[in-house]
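Q: Sequence and predicted structure below; questions after.
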Amino acid sequence: MPTLTKLFSMEEAATHNKQDDCWIVIDGKVYDVSSYMDDHPGGDDVLLAVTGKDATDEFEDAGHSKDARELMEKYFIGELDESSVPEMPELKIYKKEQPTDSVQKLVDLTKQYWVVPVSIITISVAVSVFFSRKR
């Protein structure tokens, strides 16, 4: 038979955010770490900084030992009520804006009349070579 645990909302866990009353949420589990605040190797400010949100990433980034993970079970008081977790807003994808009409016209003209600047450069090079040989 499965063990029933108490469910807490994130809002309820967030109200416990003081030195003498501190709850944290890690991997969907709620821990009352009030009595552990003075003993935490990283200091109580680390625990207070993660109240009111999912602290899983911060916990994992700290590289806690196996012993620390086992010690957590002592402070376990319930699970996060997943229905109370606000949904992430849907990501909106925006299309890159097209260049303005005048810029687009200039690009089109350049593509269409590329022969003109190339011809001018070719004639300039030919004239400079021709006159440099006459000296």
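A: Happy to help now that I have it.

Q: for the helix or strand encompassing residue 104, the distance to its chain's centre please.
A: For residue 104, the host element (DSSP states H and E) is helix 101-112. Mean C-alpha position of helix 101-112 versus that of the full chain (Cα atoms, centre = their mean, to the nearest Å) differs by 39 Å.

Q: Mind exporting the C-alpha coordinates of the following helix or strand past it to PDB?
A: Next in sequence after helix 101-112, counting helices and strands by DSSP H and E, comes helix 115-134. The C-alpha atoms that make up helix 115-134 are tabulated as PDB, following Å, rounded to 0.1, in the frame of the first residue of the first chain:
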ATOM      1  CA  VAL A 115      27.100  45.100 -64.200                       C
ATOM      2  CA  VAL A 116      27.300  48.900 -63.900                       C
ATOM      3  CA  PRO A 117      29.700  49.100 -60.900                       C
ATOM      4  CA  VAL A 118      31.800  46.200 -62.300                       C
ATOM      5  CA  SER A 119      32.000  47.900 -65.700                       C
ATOM      6  CA  ILE A 120      33.100  51.200 -64.100                       C
ATOM      7  CA  ILE A 121      35.800  49.400 -62.100                       C
ATOM      8  CA  THR A 122      37.000  47.500 -65.100                       C
ATOM      9  CA  ILE A 123      37.300  50.700 -67.200                       C
ATOM     10  CA  SER A 124      39.100  52.500 -64.400                       C
ATOM     11  CA  VAL A 125      41.700  49.700 -64.100                       C
ATOM     12  CA  ALA A 126      42.200  49.600 -67.900                       C
ATOM     13  CA  VAL A 127      42.700  53.400 -68.100                       C
ATOM     14  CA  SER A 128      45.200  53.500 -65.300                       C
ATOM     15  CA  VAL A 129      47.200  50.600 -66.800                       C
ATOM     16  CA  PHE A 130      47.100  52.300 -70.200                       C
ATOM     17  CA  PHE A 131      48.300  55.700 -68.900                       C
ATOM     18  CA  SER A 132      51.000  54.100 -66.700                       C
ATOM     19  CA  ARG A 133      52.600  52.500 -69.700                       C
ATOM     20  CA  LYS A 134      52.900  55.800 -71.700                       C
END
